[in-house]
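Student: Show me the folded form of this:
(chains A and B)
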Amino acid sequence: MTPEKDGISTAESLRSTRTYGKIRCHNPTCMERLEPKKGDKTIKCPTCGMEFRLAWVKDGFPRIRGPVWETNRKIAEEELSRKLKQKEGK
Amino acid sequence: MSLDRKIAYIDLSTGDIQTKAIPLEVRRKFLGGRGLDAYLLYNHTTQGCDPIGPDNALMVSGGFLCATCASATSRTHVMAKSPLTGLLGSANMGGFFSPEMAWAGFHHLVIKGKAEHPVYIYIHNGEIEIRDARDLWGLSVTEAQWAIRDKLGDQEVKSMVCGPAGENLVRYANVMTGIKNAGGRTGMGCVMGSKNLKAVAVRGTMDIPIAHPKEALEFNKRFIDQIVSAKVNQTQGTLGTPFIWGATNSWGGIRTRNFQYNQCEYADDIEPERLDEIATETMGPYHMTGCFGCQVHCRAQYKIPDGPYAGRYDEGPEYTSQGAFCGETDTPRATTLLTANHLVDQYGVDNLEIGSLISWAMELYELGIITSKDTDGVDLRFGNDEAVIEMIDRICQRKGWLADALADGGVAASKKIGKDSFSYLIQVKGMSNLHSDERATPALALNIATSSRGSDHLRSRPAIDLYHLPEPVMRRIYSSPVPYDGPLSSEHTEYIGKAWQVFWHENCYMAVDCLGICKYHTTFLGATLPNFEDWAKVIYYNTGLEFTPQEIWGVAERCNNLERLFNLREGLTKDDPEKGDVLNHRYHDEPARRGALDVIGRVIEKDKFIKMRSELYEHKGWNEDGLPTPETLKRLGIDAEPSHLV
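Tutor: Numbering: from 1, shown residues only, chains lettered A, B, ... in the order given. Below you'll find the predicted structure:
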């Protein structure tokens, strides 16, 4: 079979699913879509409370540069402590 | 055209050189690149051959589409029995080498034997010579490449070399082209060193006619648009692969202090934006560069800003160097990263392996399993930048007891060190893990446990699993080109449907490796990037050969099974802690302690992992022991191997 020159492949058709100007919260079971305002340097997830530093690849194209260390470290330590206690409780 | 490119058999012991055409039947079964190399390895080595002996065969290849009008066909593949693992050895690198080899008339080389003294192979427009390289022995990677160009009086010569690490038989030495295009993992540079082969140099001006040039160029416009419009590639073209490390570290997927933590805290100095600032300061704003035929340009050029190597030029660093020399060793400082990256490029050694082994040794040192007597006084504490640099030098030169042991790889070193050292070694099939921590991502854990060349992120990693894609989108991706109506889950902390994803990506990556296209141009980091359906068109327009997407999938399955057959022949059994499809116990026993809220406390649940692994075997047509069934081998047409077609 000669390939169809104009046929759109699955990968090409998925282009319409791309989103712009948004990022996802890095907390795996949260993954809330966050939409920072132009020039914002940090963003806090309204759902899980984790906070991230932002970088801009270009205008309208934000990315998470990394965590706000103090905030997320505190959340992580509290969560680890809670889970360890929970485990000991069993 | 591509179909005219030949295969050369070179015996370094006798000097015998033969060239042959590659039969169409072989192309249809294996395409080229890694897939055909797997066939050649299985057919041209015998069970139990010494990886650093003359009987090991070293394959060097370009992909089937190499140097055609298709985009990003730069990849060079190298394969042999691994001196690190004793199983499949395989390395893949970008740059400009394999297109030049194709223009010189060849797609595949099979190099056997051992030269009496250091030599290099020179290939030019259909001719092959074995030349004296005694004056090249001992030179660093770039010194050797420059010297070869000077000797040949041609600055367009491209060469693939082993550095001092390969000469010293460091078991995870790389083959290198350019300053940093590294064929890393599994020690293919060590195989070169064992054969007294310093380099393969190529120069070609032979045309590669295109079957349907107008259509090929027209389609490539679409292909390129698909590539460059993807957000992931726009990010890579700005920040390079370090953006991956940065994002992964943000949520807690980076192993730190060997495997004690899963996030390198306060790593701002090695975040991609900081590295971009250094590259801009030292090389100017246009510091991103790329490989042959690529539009992404993911590689930064930089000079080391300060320290004893200040002013030295290099390229990268890749995210693997961030992990190896910063996260694992807990030394997140740019100067350490850029210096270590430069040293491994010049020695020609695998950054992931050497960094992982140094961090392993650091943990052993802090536990008292090894002492300062073993380290010759090197203070191997985590966070000691100078120790990282010192140990790279020592290992590549095999200087001192510990460095010499580490140069033989982790499993061998654990036998020399003894005590409980093996249980701290983060490896699969004898190859150290990438810097990533997969405790929160079962699909990625399954990928590294079952990958054919050992713990590996480039053979079956469903990286897009981290994107929380909507289930209908996942369904569209994973139901093509072969139907799949089983479960799929958008949750990357889940175990459901992950075996199919690993199977799908394994075939996707094998196919792209057979074609010689970069993985950043397929469904690796971007869900909307080209794969099987697109490749059927690219193959047809460039070569005239008609493949359906399903047939390309079939080629990939066939080649993956050949790699499995090789590993089984060399002793793989599924639960062997040194050679099996298993993870270090810490994945199952030690919960993640840092990172995002829902990463904390995660382990890979062993019973679910075993179930997932069994599902993967079933998808592959393997039995419960991980052996391809006779029906599977017959279906794939490899039930009578070795068949010696080429």
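Student: For the rest of this, base every contact and every neighbour count on C-alpha atoms.
Tutor: Fine.
Student: Local confidence estimate at the residue most central in space within chain A?
Tutor: In chain A, the C-alpha closest to the average C-alpha coordinate belongs to A:Arg24, at a distance of 2.5 Å (C-alpha atoms, centre = their mean). Here the pLDDT value assigned to A:Arg24 is 93.
Student: With A:Tyr20 instead?
Tutor: Model confidence at A:Tyr20, expressed as pLDDT, equals 89.
Student: ok, now A:Lys5?
Tutor: A:Lys5 is assigned a predicted lDDT (pLDDT) of 47.
Student: How many neighbouring residues does the residue lying closest to the residue nearest to the centre of chain A once chain neighbours are set aside have?
Tutor: Spatial nearest neighbour of A:Arg24, chain neighbours left out: A:Arg33 (4.5 Å); criterion: C-alpha to C-alpha, 6 or more residues apart in numbering or on different chains. Close neighbours of A:Arg33, defined as other C-alpha atoms under 10 Å in any protein chain shown, add up to 14.
Student: Settle this for me: A:Arg33 is touching A:Gly21, isn't it.
Tutor: No: between A:Arg33 and A:Gly21 there is no contact under C-alpha atoms under 8 Å: 10.0 Å.
Student: returning to what we had before: now do the contacts for the residue nearest to A:Arg24.
Tutor: Shown here is A:Arg33, whose contacts under the criterion C-alpha atoms under 8 Å, 6 or more residues apart in numbering or on different chains are A:22-25.
Student: residues from chain A in reach of chain B?
Tutor: A:1-5, A:9-12, A:14-15, A:26-29, A:31, A:50, A:55, A:57, A:64-67, A:69, A:72-73, A:75-77, A:79-80, A:83 (C-alpha under 8 Å from any C-alpha of the partner chain).
Student: and if we set it to 6 Å?
Tutor: Within reach of chain B by C-alpha under 6 Å from any C-alpha of the partner chain, chain A has these residues: A:3, A:9, A:11, A:14-15, A:26-27, A:66-67, A:76.
Student: Put the buried members of those residues into a PyMOL selection.
Tutor: Selecting the buried subset of these in PyMOL, with 16 or more other C-alpha atoms under 10 Å in any protein chain shown as the burial test, is done by:
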select buried, chain A and resi 3+9+11+14+26+27+66+67+76
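Student: Out of the residues of chain A next to chain B, list just those in strands.
Tutor: Among the residues of chain A next to chain B, the members falling in strands are A:66-67 (criterion: DSSP state E).
Student: Quick one: the residues of chain A next to chain B as JSON lines, columns for distance to B:Pro530 too.
Tutor: JSON lines is the format used below for the residues of chain A next to chain B (distance: C-alpha to C-alpha, whole Å):
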{"residue": "A:Pro3", "distance to B:Pro530": "15"}
{"residue": "A:Ser9", "distance to B:Pro530": "8"}
{"residue": "A:Ala11", "distance to B:Pro530": "6"}
{"residue": "A:Leu14", "distance to B:Pro530": "10"}
{"residue": "A:Arg15", "distance to B:Pro530": "11"}
{"residue": "A:His26", "distance to B:Pro530": "26"}
{"residue": "A:Asn27", "distance to B:Pro530": "28"}
{"residue": "A:Gly66", "distance to B:Pro530": "29"}
{"residue": "A:Pro67", "distance to B:Pro530": "32"}
{"residue": "A:Ala76", "distance to B:Pro530": "38"}
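Student: tell me which of the residues of chain A next to chain B is nearest to B:Leu627?
Tutor: Distances from B:Leu627 to the residues of chain A next to chain B, taken as C-alpha to C-alpha, are shortest for A:Ala11 (32.8 Å).
Student: Tell me if I'm right that the closest one and B:Asn531 touch.
Tutor: No: between A:Ala11 and B:Asn531 no contact is recorded; they are 7.0 Å apart, counting by C-alpha atoms under 6 Å.
Student: Just the pLDDT for A:Trp84.
Tutor: Residue A:84: Leu, not Trp. Reading off the confidence values, A:Leu84 has pLDDT 88.
Student: For burial, what's the neighbour tally of it?
Tutor: Applying the criterion other C-alpha under 10 Å, we find 13 residues in the vicinity of A:Leu84.
Student: so who does B:Ala133 touch?
Tutor: B:118-120 (C-alpha atoms under 6 Å, 6 or more residues apart in numbering or on different chains).
Student: Which members of these occur in strands, if any?
Tutor: Applying DSSP E to the contacts of B:Ala133, the entries found in strands are B:119-120.
Student: Columns neighbour count on top of the contacts of B:Ala133, output as TSV?
Tutor: TSV is the format used below for the contacts of B:Ala133 (neighbours: other C-alpha atoms under 10 Å in any protein chain shown):
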residue	neighbour count
B:Pro118	21
B:Val119	23
B:Tyr120	24
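Student: Nearest to chain A, out of the contacts of B:Ala133: which one, please.
Tutor: Looking at the contacts of B:Ala133 and their distance to chain A, the nearest is B:Tyr120, at 42.9 Å (C-alpha to the nearest C-alpha).
Student: what number of residues lie near B:Lys399?
Tutor: B:Lys399 is flanked by 15 other residues according to other C-alpha under 10 Å.
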